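> With the input below, show me the fold.
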Amino acid sequence: MAQCKIVWSHRARIRLLAILEFYVERNKSKTYSTRLFARFNREIKLLAKYPELGVKTEMDSVRALIVDEHIIYYEHQQNTIIIHTIWNSRQDPESLIIK
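Numbers count the residues shown, from 1 in each chain. This is a model prediction of the structure:
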């Protein structure tokens with residue numbers, strides 16, 4: 001099986017940066033953010049090999065990969081994984097926008 005190409009949406013990049021910055025501010029250190037970023041990367045590399053790894057969502061083609069308290073919403077299209085957003089599951093679900 002060939003690895004899929006990973007494409008980050010603009011929203012996903014902004015959410016990732018916001019999450020990492022939040023932990024830097026809260027912890028007054030980059031240590032946790034660095035580890036979290038590495039964890040996201042490991043999980044996304046697995047996703048590139050096994051695109052059906054995440055669970056199905058209510059949206060037909062969107063799947064969700066759970067990483068600790070975060071959820072990576074993505075879509076598998078041919079040989080591409082499109083990451084739509086990263087969501088902290090402790091936030092209000094009413095404000096979640098996937099696509």
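> what about the residue nearest to the spatial centre of the chain, is that helix, strand or coil?
The C-alpha lying nearest the average C-alpha coordinate of the chain belongs to residue 72 (Cα atoms, centre = their mean; 2.8 Å). With DSSP: H, G, I helix; E, B strand; the rest coil as the basis, the three-state label of residue 72 is strand.
> and it, bridged to which residues?
residue 65, residue 86 (DSSP bridges).
> pLDDT score for it?
The score at residue 72 is 97. That number is its pLDDT.
> residues in contact with it?
By Cβ atoms under 8 Å, 6 or more residues apart in numbering, residue 72 lies in contact with 40, 43, 44, 47, 54, 64, 65, 66, 83, 85, 86. (Glycine included, C-beta is placed from N, CA and C.)
> out of those residues, which is most surrounded?
The most neighbours of any of the contacts of residue 72, using other Cβ atoms under 10 Å, belong to residue 86, which has 24 neighbours.
> Wait, that residue touches residue 71, no?
Yes: the pair residue 86 / residue 71 is scored as a contact, 7.2 Å apart, by Cβ atoms under 8 Å.
> my read: residue 99 touches residue 62, true?
Yes: with contact defined as Cβ under 8 Å, residue 99 counts as touching residue 62 (7.4 Å).
> per-residue pLDDT, residue 42?
On the pLDDT scale, residue 42 gets 97.
> Mind giving me the packing neighbours of the helix or strand it falls within?
Using DSSP states H and E, residue 42 maps to helix 31-49. The contact analysis (3 or more Cβ pairs under 8 Å, 6 or more residues apart in numbering; DSSP states H and E) places helix 31-49 against strand 5-8, helix 10-27, strand 62-67, strand 70-77, strand 80-88.
> Can you name every helix or strand that the first one contacts?
Think strand 5-8. helix 31-49, strand 80-88.
> Okay then, goodbye and thanks.
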